[in-house]
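Trainee: Sequence and predicted structure are below.
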Amino acid sequence: MKFKTFMITLFVVINCQVFYSQEGMPIYADYLSDNYYLIHPSMAGAANCAKIRVTARQQWFGQEDAPKLLTMSVNSKIGESNSAIGGIVYADNNGYHSQKGAYATYAHHLMFSRSTTDLNMLSFGLSAGFLQYQLDERDFLNDVPVRDPIIDGVVQSETNFNLDFGFSYHYLDFYAHATVKNLLNNSGVNNDLQITSNLRRFLFSTGYVYNKMGSSWAFEPSVLYQYKSGTKESIIDLNAKAYKTMEFGQLWAGLSYRQSLDGAEYLTDSGSIRSQKLNQITPIVGVNYNKFMFAYTYTYQTNDVVFTNGGFHQLSLGYNFNCAPKRYQCLCPAVN
């Protein structure tokens, strides 16, 4: 089945009036590929190196117009100051719906350490950006016997301005982040502002890096919690990563489990109503070679009712530059 055909069928069957995918850049597991700045603006310039990160995600290989996401981000401190800047551009395509966006970020880092060897840092970040939403309805009326009045049969397009704000706290090997995304109301490409105006998403993440003195191994458990204000949805990621220090850099691998805390109801063939929650398992492997980073991510969805379980592939490439010497006596890979 072609993905566009699947989307048309879904649209007509449920007579939907809104595509909820138009809520800014999707959040997958790419932040675990040394890219916390992608979701937390306060992480701009937090590391001792300036960073460039590029990710490419493709879902459901073999399906026409299946979801795909491209992102590119760069962030760096401003000279020797505690201020930093960053930028993100992305393009997200999902069947008939697509969106593009560009953000500019300013962050500031407050140091509470008595010396440069002890990490004790509070960071604030603000991102401002433009998002363009598009909904291509030109094929919606093909082979549909009854015209739906909400379908115009054109390409709807709308550009909105929005803000993300957040803070981060690092203390030795412990870290915590909190971010509010889409602070402002967006009209999107829909006429019903009561449905689409509130696209705010609250993110909370925390983790700790365990490293025995003198060992080349380190382990990092972490948690990410998301809450979508408009739809009252909650999602949690449980993550674990392991690092192995090598002469050329570092090898690492991780596993992420995503669970929706809210079920979606569906109708079975027998006519009964059931509910299921989103469940995804994502293994990640990566390597840091000198100043370069490469990572591969695969996501498997374990739900019973899905378009397809597998086929969620993502590649991440990175480059570090303008690196300062490591300052802190901690592993803290996102900072040191």
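Mentor: Now that the structure is in, tell me what you want to look at.
Trainee: Spell out the secondary structure type for residue 47.
Mentor: Recorded secondary structure, residue 47: coil (DSSP: H, G, I helix; E, B strand; the rest coil).
Trainee: Could I get the contacting residues of it?
Mentor: 320, 334-336 (Cβ atoms under 8 Å, 6 or more residues apart in numbering). Where you see a C-beta, it was placed from the backbone N, CA and C, and this is true even at glycine.
Trainee: do that again at 7 Å, thanks
Mentor: Residue 47 makes contact with 334-335, according to Cβ atoms under 7 Å, 6 or more residues apart in numbering.
Trainee: Residue 31 falls within a helix, correct?
Mentor: Yes. Counting by three-state DSSP, residue 31 is part of a helix.
Trainee: Give me the nearest residue to it, chain neighbours excluded.
Mentor: Spatial nearest neighbour of residue 31, excluding adjacent residues (Cβ to Cβ, 6 or more residues apart in numbering): residue 39 at 4.9 Å.
Trainee: can you give me phi and psi for that neighbour?
Mentor: phi -120, psi -20 (degrees, to the nearest 10).
Trainee: Is it in contact with residue 202, as I believe?
Mentor: No. Assessed by Cβ atoms under 7 Å, residue 39 is found out of contact with residue 202, at 11.6 Å.
Trainee: Look at those two and report which has more neighbours.
Mentor: More crowded of residue 39 and residue 202, by other Cβ atoms under 10 Å: residue 39, with 23 against 15.
Trainee: What's the separation between that one and residue 164?
Mentor: Distance, residue 39 to residue 164, using Cβ to Cβ, to the nearest Å: 9 Å.
Trainee: Pretty sure residue 223 sits against residue 256.
Mentor: No. Contact between residue 223 and residue 256 fails when scored by Cβ under 7 Å: they sit 10.3 Å apart.
Trainee: list residues touching both of those two?
Mentor: With Cβ under 7 Å, 6+ apart as the test, residue 223 and residue 256 both reach 237, 239.
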